[in-house]
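[1] Give me the fold of what follows.
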Amino acid sequence: MSTFPDVGDSIPDIALETPDGGTVKPSDFAGQKLVIYFYPKDDTPGCTTENIDFSALKADFEAAGTALLGVSKDPPAKHAKFAAKHALTAPLASDPLEGGLSDALGVWTEKSMYGKTYMGMERSTFLVDASGRIARIWRKVKVKGHAAEVLEAARAL
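    Below you'll find the predicted structure:
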C-alpha cells in the first residue's frame, strides 16, 4: 500500500517555482480542475513532445475548465528557455527542493539505466478536481496520445 496521496485524497499544497521568479501551488487553482504533469527533463525528446502536446491542447483544456501545469526539477531559467524555444503555452514550474511536491506524490523516485541507479522524475500526470482532490493518476506515462487521453478525462470530470 502506497503512503503517497491516491485518488480521492487532497493534492498536497506545496509551492513550486515559476520561470518569472514567482511561485505557484495547487490551491492557486481552487474552483477549477488542474492537470499537473511531471516530466524528467526539459529539451529531451519525450519531454519536448509531451509539453508540445499539452500546449497544443491548452485551449481545449481551458474550455473544459481545466488549468495545466508542467513540472520538472529543471531550474526556472531553463524552463523559460525551453518554453521560448518550443513556443510552449502550457505553464511550467520547477520543483527543486527535497520534500517538494514531486516527493510528496512519489514521482521523484529511484530509476535505473545501463545498470546504474539514480534519482529521477517518473513521468506522471495528476488530474485534480475543482475541490483540490485527486481524480485520476497516470504513472509511468507513455507520451504518445497521453495529452488527449488526459483531456478526455478532464472533460468527463
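
[2] residue contacts, the nearest residue to G21 once chain neighbours are set aside?
    Of all residues not flanking G21 in the chain, P76 sits nearest, at 6.9 Å (CB to CB, 6 or more residues apart in numbering). Where you see a C-beta, it was placed from the backbone N, CA and C, and this is true even at glycine. When contacts are counted by CB atoms under 8 Å, 6 or more residues apart in numbering, P76 touches E17, T18, P19, D20, G21, S94.

[3] Most neighbours of all the residues you listed, which one?
    In terms of neighbours by other CB atoms under 10 Å, these top out with S94 at 22 neighbours.

[4] which non-adjacent residue is nearest that residue?
    The shortest distance from S94 to any non-neighbouring residue, by CB to CB, 6+ apart, is to E17 (4.3 Å).

[5] now that neighbour, which residues is it bridged with?
    For E17, the beta-bridge partners under DSSP bridges are T23, S94.

[6] Pretty sure it sits against P96.
    Yes. At 6.6 Å, E17 and P96 qualify as touching, with contact defined as CB atoms under 8 Å.
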